[in-house]
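Engineer: I'd like to go over a predicted model; first the sequence, then the structure.
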Amino acid sequence: MACACLPTTAHAAQLAKLHVTFTPDRLGAATTVEFTIQIKAPADAIPSPLTALDMSYPGNLGITTSGLGLATCTETILEYFGAEGCPADSRMGQGSALAEIPIGPAIERETAEVAIFRTPERNGQLSILFYANAPSPISAQAVLPGQLLPEPDQGHLTIEVPLIASLPGGPNVAIIRLHATLGPRGLTYYERIHNKLISYHPNGILLPDHCPHGGFPFTASLTFEDQSHTSASTTVPCTIPHRRSGRTSPVSTRAAGPRVSMPS
Amino acid sequence: MSRNPNHRGHSAAIAVLATLVAGAVWMSAVSSAARQQPTAHTAGSINGTATAHLHLVKPNGSQLDEEGPVTGALPGSMSAVVYTGKVLTGNFTIHTHGGSIYGTGRAAAHGTGRYQSFSGTLTITGGSSRYSHAHGHAGLSGTFDRRTYALLIQTTGRFSY
């Protein structure tokens, strides 16, 4: 009987869409990188739960010079105390995740707040934690371990997504949208100067002075519980200062805009 | 052509004197080496430690242009282009009174706090003026301030020129 009450969760192949922006979007500036990944299954079916994300980014983004994550937080602290238990200087970004949860014959949507923290290195790599906190209809918290792998040509942001059961015996929660920022927007750090605690905004991710040919390419590769894979790419076009008016005007927009790729 | 015996004797005396002077200079160099570090052991090599305190001149994405004073074995100033990532790599020029020294460096970064430590190797690939034939390898270590981008670089080793 219990099985009869559950909605169908036969997963079709997933599609993904990636959108990335810089704020501010100005060459040579320190910026916040904002990305949104949307996951969709054909015919309005529930997508298979996401299990891993690997997002490549241009190697000339100053991730390691961002001044983000000057302190660390741990999985244990997050599990016991939540995001409030972590040092302010360990926070590197924030966002939200939208999930579809089959409850009975209905499909509920639930939004979780996401906070991104620096954590001690794993395997000698720059490691991060995504902490997702969903209050209702099902209260759930999850810690998603990840890594930032800066390389000269192409860096990678990787996230492992644990499977979260919607209800005992039920299907796992499927993320259909992940939106996150990596950068100083909305963050306040603290430093002690002459025994006074001074607040400041971390520098941010440095953009290069010159526009790379074709803009800044990003690709998200996603792996799902049903062992399928898909990927989505986008390119952030460069904007350069408009000398006369001081405004910015886009250049090199040929490859701009999100692209959807078919699942493998 | 006959040889002048007096001339031969004069040449021998100069040779002996030159040997004595050379020996005295060598002894002076050896004793000097024992007294102080760093020291120029020979006319063509430098052995010792140099320390550079670099500050940011211009950021450019993951690349930082830095410069600052150098103290120790090669007093002067350094300018460097540093590519940041899990591994720090870069090109540098040390400017001294005797000329410039060029090279590259590669170091692995460690740590999660404001100050990241790093260690690796430095390779001297050339130079100008007195150091136009500079070459050698040295150890490289230091710290990187992730807040201000300041670099403290210490190199220890020997290079020839």
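Structural biologist: Structure received.
Engineer: out of everything not next to it in sequence, what's closest to the residue in chain B that chain A sits nearest to?
Structural biologist: In chain B, the residue that lies nearest chain A is B:Gly61 (3.3 Å; Cβ to the nearest Cβ). For the C-beta atoms, the positions are set from N, CA and C on the backbone; glycine is no exception. Spatial nearest neighbour of B:Gly61, excluding adjacent residues (Cβ to Cβ, 6 or more residues apart in numbering or on different chains): A:Pro208 at 3.3 Å.
Engineer: ok and the residue in the stretch 151-264 of chain A nearest chain B?
Structural biologist: A:Pro208 (3.3 Å).
Engineer: got the contact list for that residue?
Structural biologist: Residues counted as contacts of A:Pro208 (Cβ atoms under 8 Å, 6 or more residues apart in numbering or on different chains) are A:Leu27, A:Gly28, A:Asn60, A:Leu61, B:Asn60, B:Gly61, B:Ser62, B:Gln63.
Engineer: B:Tyr102 is in contact with B:His135, correct?
Structural biologist: No - B:His135 lies out of contact with B:Tyr102 (Cβ atoms under 8 Å); the separation is 10.2 Å.
Engineer: on that earlier part again, mark which of the contacts of A:Pro208 are part of strands, please.
Structural biologist: Those of those mapping onto strands are B:Asn60, B:Gln63, per DSSP state E.
Engineer: Which single one of the contacts of A:Pro208 is nearest to B:Gly157?
Structural biologist: Nearest to B:Gly157 among the contacts of A:Pro208 is B:Gln63, at 25.7 Å by Cβ to Cβ.
Engineer: which residues does that closest one bridge with?
Structural biologist: Beta-bridge pairing for B:Gln63 (DSSP bridges): B:Asn60, B:Tyr83.
Engineer: and the residue of chain B closest to chain A, what are its phi and psi?
Structural biologist: Phi and psi for B:Gly61, reported as degrees, to the nearest 10, are phi 70, psi -130.
Engineer: That one reaches A:Tyr57, doesn't it?
Structural biologist: No - counting by Cβ under 8 Å, B:Gly61 stays clear of A:Tyr57, with 11.3 Å between them.
Engineer: show me what contacts B:Tyr149?
Structural biologist: By Cβ under 8 Å, 6+ apart, B:Tyr149 lies in contact with A:Thr65, B:His55, B:Leu56, B:Pro59, B:Leu64, B:Glu66.
Engineer: Output the below-cut-off pLDDT ranges for chain B.
Structural biologist: Applying pLDDT under 70 to chain B flags residues B:1-43.
Engineer: all strands for it, in order.
Structural biologist: B:39-42, B:45-60, B:63-72, B:76-83, B:87-96, B:99-110, B:115-127, B:135-145, B:151-160.
Engineer: Residues of chain A that sit close to chain B?
Structural biologist: By Cβ under 8 Å from any Cβ of the partner chain, the residues of chain A that approach chain B are A:28, A:30, A:59-65, A:67, A:69-72, A:118-121, A:124-126, A:149-152, A:155, A:191, A:203, A:206-209.
Engineer: same thing but at 7 Å, please
Structural biologist: Applying Cβ under 7 Å from any Cβ of the partner chain, we find that chain A lies next to chain B at A:59-62, A:64-65, A:67, A:70, A:72, A:118, A:120-121, A:125-126, A:149-152, A:206-209.
Engineer: where in the stretch 51-200 of chain A is pLDDT low?
Structural biologist: Residue ranges of the stretch 51-200 of chain A with pLDDT under 70: none are present.
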